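*Asks:* Provide a 3D model corresponding to the input given below.
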Amino acid sequence: MKKILIKGRSISKGVGEGEAIVSKQAISFLGGVDPDTGVVIERGHELEGENIAGKVLIFPSGKGSTAGSFIIYALARKGAAPQAIINLVAEPIIATGAVIGKIPLMDKLEQNPIEVIQNKDWVRVDGEKGIVEVTKRA
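*Replies:* Below is the predicted model of the structure:
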């Protein structure tokens, strides 16, 4: 299996790993993700109907209300949060939610994660060392 190591900026410390779920679209957690289940409920979103719980969620950035930070925290409290998050550029909504929810978050990777990582690749986010390890699916 092919492995790729990518360095980036660590925003929220910790280590998380899981199957990748990738979106080219920004995500609004307030009204866009069910806080009880982790299912994307935003109509027309490319991940609509997909569950982000237990996965490594990769998307460009957040959008919408600052209350989205509390939705991320609620997801973490209920065990429905992603294991880690990777953004192209994390903005304050996602960063705050990840920090208070203790979800590893990285951004500004050396390679565009949306182009390099595909759905179902296995991804390990090491927010302590600032390294993303990708194991390409067979």
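*Asks:* hey, where'd the helices end up in this protein?
*Replies:* Under the criterion DSSP state H, the chain carries helices at the ranges 68-77, 92-101, 113-116.
*Asks:* could these go into TSV alongside distance to Gly127?
*Replies:* All C-beta spots, glycine's among them, are computed from the backbone N, C-alpha and C. Shown next, in TSV, are these (distance: least, CB to CB, whole Å):
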stretch	distance to Gly127
helix 68-77	14
helix 92-101	9
helix 113-116	14
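*Asks:* Mean pLDDT, distance to Ile86 and mean neighbour count for those helices - can I get that in JSON lines?
*Replies:* Output for the helices of the chain, formatted as JSON lines (pLDDT from 0 to 100; distance: least, CB to CB, whole Å; neighbours: other CB atoms under 10 Å):
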{"stretch": "helix 68-77", "mean pLDDT": "97", "distance to Ile86": "14", "mean neighbour count": "20"}
{"stretch": "helix 92-101", "mean pLDDT": "97", "distance to Ile86": "10", "mean neighbour count": "21"}
{"stretch": "helix 113-116", "mean pLDDT": "96", "distance to Ile86": "5", "mean neighbour count": "17"}
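*Asks:* shaky segments in the protein?
*Replies:* In the predicted model, the chain carries pLDDT under 70 at residues 138.
*Asks:* Could you please name the strands the longest strand belonging to it pairs with and the direction of each pair?
*Replies:* Counting by DSSP state E, the longest strand found in the chain is strand 15-22. Applying DSSP bridges to the sheet, strand 15-22 is found paired with strand 56-59 (parallel), strand 122-126 (antiparallel).
*Asks:* and the longest one, how far out from the chain's middle?
*Replies:* Relative to the mean C-alpha coordinate of its chain, strand 122-126 is positioned 11 Å out (CA atoms, centre = their mean, to the nearest Å).
*Asks:* CA atoms only for stretch 12-26, dumped as PDB, please.
*Replies:* Taking C-alpha atoms only, stretch 12-26 is exported to PDB below (Å, rounded to 0.1, in the frame of the first residue of the first chain):
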ATOM      1  CA  SER A  12      -5.800  21.700  17.500                       C
ATOM      2  CA  LYS A  13      -3.400  19.100  19.000                       C
ATOM      3  CA  GLY A  14      -3.900  15.400  19.400                       C
ATOM      4  CA  VAL A  15      -3.900  12.400  17.100                       C
ATOM      5  CA  GLY A  16      -6.800  11.100  15.200                       C
ATOM      6  CA  GLU A  17      -7.200   8.500  12.400                       C
ATOM      7  CA  GLY A  18      -9.800   7.000  10.300                       C
ATOM      8  CA  GLU A  19     -11.300   6.700   6.800                       C
ATOM      9  CA  ALA A  20     -11.200   9.900   4.800                       C
ATOM     10  CA  ILE A  21     -14.400  11.700   3.800                       C
ATOM     11  CA  VAL A  22     -13.600  14.500   1.300                       C
ATOM     12  CA  SER A  23     -15.600  17.500   0.100                       C
ATOM     13  CA  LYS A  24     -14.700  20.300  -2.300                       C
ATOM     14  CA  GLN A  25     -17.400  22.400  -0.700                       C
ATOM     15  CA  ALA A  26     -17.300  24.400   2.500                       C
END
